[in-house]
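>>> Here is a sequence together with a model predicted from it:
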Amino acid sequence: MSVPAWTSTWDDEFQPAFWMAKQAMTRAADAMFRRHGVRQGQQYLLMCLWHRDGQTPGEIATAIGLATPTVTRSATRMEAAGLLRRTPHPDDRRLVCLRLTDEGKRLRRVLNEEVSRLSERALSGLSAAERKQLTAMLRRVRENLTAG
């Protein structure tokens, strides 16, 4: 992909380089997840449930920084796709727990392998030291933008 001509209007090279890398990574990740029946964003719900199965939509929403209705809508689609099921909460009849199906559990290994391949593709040509440095720099960028 060549650099779009409009990026030359910025004096700062960081913004277009970061935006284009982020866009390329998002597209590649989205295609990878879709091959396995996972829509964009659903991987975060899966990761929460892989960590601790049986969480409520509210617990997951808090963990990933989304509104509970957003998680509930995503869980409905994931339930229809056979990735999870809803079960009654053991202590509060108003709540449900989200539990992985066998397919949802199976995807952990498959998607971990896919993510590793995608990371390797994205970082191809970088030395181990450069990879570590890039990761540290990206963490710093995030810290800079989220610091109060």
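Sure thing, it's come through. Residues are numbered from 1 along each chain as shown.
>>> Next, count neighbours for residue 122.
Other residues near residue 122 number 15, with proximity taken as other Cβ atoms under 10 Å. In short, each C-beta sits where N, CA and C put it, glycine included.
>>> do the same with residue 25
The criterion is other Cβ under 10 Å. On that basis, residue 25 has 14 neighbouring residues.
>>> So for it, what's the nearest residue that isn't a sequence neighbour?
The shortest distance from residue 25 to any residue other than its chain neighbours is 6.2 Å, reached at residue 122 (Cβ to Cβ, 6 or more residues apart in numbering).
>>> Check the gap between that neighbour and residue 37 for me.
For residue 122, the distance to residue 37 equals 23 Å [Cβ to Cβ, to the nearest Å].
>>> Same question for residue 90.
According to Cβ to Cβ, residue 90 and residue 37 sit 29 Å apart.
>>> Residue 68 now?
With distances taken as Cβ to Cβ, residue 68 is found 24 Å from residue 37.
>>> pLDDT on stretch 121-128, on average?
Along stretch 121-128, the predicted local confidence has a mean pLDDT of 97.
>>> Stretch 38-50 now?
Per-residue pLDDT values across stretch 38-50 average out to 94.
>>> Show me the contact partners of it.
Around stretch 38-50, the neighbours that count as contacts under Cβ atoms under 8 Å, 6 or more residues apart in numbering are 26, 30, 33, 55, 59-60, 63-64, 71, 74-75, 77-78, 83-84, 98-100, 104-105, 107-108, 111.
>>> Got a quick PyMOL command for the buried subset of the residues you listed?
PyMOL command restricting the contacts of stretch 38-50 to the buried ones, with burial defined by 16 or more other Cβ atoms under 10 Å:
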select buried, resi 33+55+59+60+63+71+74+75+78+83+84+98+100+104+105+107+111
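>>> now the strands: where do they sit in this protein?
Counting by DSSP state E, the chain has strands at residues 84-88, 96-100.
>>> Serialize these to TSV and add fields for distance to residue 135 and mean pLDDT.
Formatted as TSV, the strands of the chain follow (distance: least, Cβ to Cβ, whole Å; pLDDT from 0 to 100):
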stretch	distance to residue 135	mean pLDDT
strand 84-88	31	96
strand 96-100	29	97
